[in-house]
Every structure is written in C-alpha cells, then in structure tokens.
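K.L.:
how would this look folded up:
(one chain, ligands or ions: 1)
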Amino acid sequence: MRKIFVAGNWKMNMTKAEAAALVDGLAKTLGSSLPVEVAVCPPFVYLDTVADHIKGTAMKLGAQNCYFETKGAFTGEVSPQMLLDVGCTFVIIGHSERRHTIGKGECDGMINKKVHAALKAGLKPILAIGEKLEQRDGNQMEAILTQQLKDGLAGLTAEQMATITVAYEPVWAIGTGRNATPQQAQDAHVHIRKVLAEMFGQAVAANTTIQYGGSMNAANAAELMAQKDVDGGLIGGASLKIDDFTKIVQAAVKAKGL
Ligand code: PEP
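P.N.:
Residues are numbered from 1 along each chain as shown. Reported below is the predicted structural model:
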C-alpha cells in the first residue's frame, strides 16, 4: 500500500519563536505516532530549531528547496548534504513559486539536477508539478504534467523513484483560495500515475505517493483526500495554523481508513 503523506510548506513565514511554538503545538495535537507520514518544511534558517523541537514526535523535517552542487562558490545556496546535516528527511523541489515567481524561474533541467543531487545525498525529494490557468484553459494540463514529469524525473531508476513523492499543485490553486475540485485532482493524479507507469512500470506507479496541493484546508481536505489517487497533501497557508494542519492530517487518516 502506498504511503499517505501530508507536508506543510511554510514558505517565507514565521519567526524563530513562532516556528518553535507551531511544532510544539502540533506535537501535542498530533501525538507521538501516526498512521500517515507528516513533515514540516520551514525556511532554511529555522530548520535547526525545528529539528530540535520535533525530536520524539511523529513529524519529520523537510526543506523547501536545495541546490544541486555539494559545496563551493554558490552564494546564498544550500546543498542537499547541508540539509541532511541539520536533520532533513525531505526536500521540496520544483515548487511553482520557484518555477514561476522567483528570479528568472527554475527550468525542468535544473529541477532534474536537484532531484538527482538530493537523492545522491540521501534526501527524499517531493517533486512539485502543475499547470498554469491558461494551460488548463487551453486543454494543456496533461501535456504540461507529462513534460514536467519526463524532464524532472529523467535518468532516475525505478529504485530511486520509490523514494520520490510527486505533488500535483495546479498553479492557479496555490495561495488563491481556489482549490481544484476533487474530480479535477483525481483526474490529474490518474494522468500522473499513467505517465509514471510508462516511465517506471506499473508497480512503481501504483506505489508512488501523489500529494495534492493548492488551497487545501481544514474544510476541503476530507473530500480531496477521499479521492482514490490523492495520497495526501502539500499544504501552504493552512500549515501555519496548529488547528488547521491538525484537521488536515486527521482528514487524511479518516479518508484512508487508517
Ligand atoms: C503550496 O505552497 O505548496 C501550497 C499548496 O500553498 P497553499 O496551500 O497556500 O495554496
């Protein structure tokens, strides 16, 4: 059975004290063991603090990005080895804000290099993919997802793919309050699984965790998680509130009958 996985992407939010308070609160509401995987992905500067506070809890640590080199003259970048060193298990790669909002944007070639580098270091990548609104309106959703998967996961073995989570995050749904409908999410996830089957075989595709991300919250999590191919969520805004993130995790547990 594939893993159900809920991850909180805190983006560029929180102070150090707020970060500690958030995970301390979550540790109480979530308890020390869970039937689903849960990760929090704070900004780089709070990874160390959060790592200390989640020791002995059910939460794991993730980063929001990494660079593809191990060390050297890359001002402002952070290597996968550094993330491992401070206790990260996961790293989000290819988030839409990194593809489309920040600087000149990351291309699939760079994202693919990051996936390989993260795997080599021993991190588990969460590869985020998703179409823009005009691409969905132009009936290009499937083509865009296919291309982002083929380019982002190029050169990986089936064995490596077994440690990767794919996050389907339609760009038009991220931070907009407009989530994909459960059927839209399910349809996209089915397509993603079909492409993964073509690339890595049926068994790998059936075992790959595919999260939905895009304005998932305490109110809509249950119906999204109830979709057969939705294996959890990548949560932005709602992961900053103890009550909301807890309800989303609980919705995942309930929807999957765990
Ligand atoms: C995200 O940042 O990955 C995300 C899904 O954000 P939000 O939940 O705020 O839409």
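
K.L.:
pLDDT below threshold where in this structure?
P.N.:
Applying pLDDT under 70 to the chain flags no residue at all.

K.L.:
now do the contacts for Arg2.
P.N.:
With contacts defined as C-beta atoms under 8 Å, 6 or more residues apart in numbering, the neighbours of Arg2 are 206-209, 231. Every residue, glycine included, has its C-beta placed from N, CA and C.

K.L.:
now do the SS call for Ala7.
P.N.:
strand (DSSP: H, G, I helix; E, B strand; the rest coil).

K.L.:
tell me the contacts of it?
P.N.:
By C-beta under 8 Å, 6+ apart, the neighbours of Ala7 are 38-41, 62, 90, 92, 126, 165, 167, 211, 232-235, 239.

K.L.:
so which residues on the stretch 151-258 of the chain come close to the ligand?
P.N.:
169, 174-175, 213-216, 234-238 (C-beta under 6 Å from any ligand atom).

K.L.:
if you set the cut-off to 5 Å instead, what comes out?
P.N.:
174-175, 213-215, 234, 236-237 (C-beta under 5 Å from any ligand atom).

K.L.:
who touches stretch 179-187?
P.N.:
168, 170, 173, 188, 212, 214-217, 220, 223-224, 226-230.

K.L.:
keep only those of the residues you listed that are in helices.
P.N.:
188, 223-224 (DSSP state H).

K.L.:
what's the burial count for the residue of the chain found nearest the ligand?
P.N.:
Residue of the chain nearest the ligand, by C-beta to the nearest ligand atom: Gly236 (2.1 Å). The number of residues packed near Gly236 is 23, by other C-beta atoms under 10 Å.

K.L.:
identify the residues contacting it.
P.N.:
Gly236 neighbours (C-beta under 8 Å, 6+ apart): 9, 11, 174-175, 213, 215.

K.L.:
circling back: most neighbours out of the contacts of Arg2, which is it?
P.N.:
Asp231 (25 neighbours).

K.L.:
which ones are touching the closest residue to that one other than its chain neighbours?
P.N.:
Leaving aside its chain neighbours, Asp231 sits nearest to Thr209 (4.4 Å; criterion: C-beta to C-beta, 6 or more residues apart in numbering). For Thr209, the contact set (C-beta under 8 Å, 6+ apart) comprises 2-5, 165-166, 231-232.

K.L.:
switch the cut-off to 7 Å
P.N.:
2-3, 5, 165, 231-232 (C-beta atoms under 7 Å, 6 or more residues apart in numbering).
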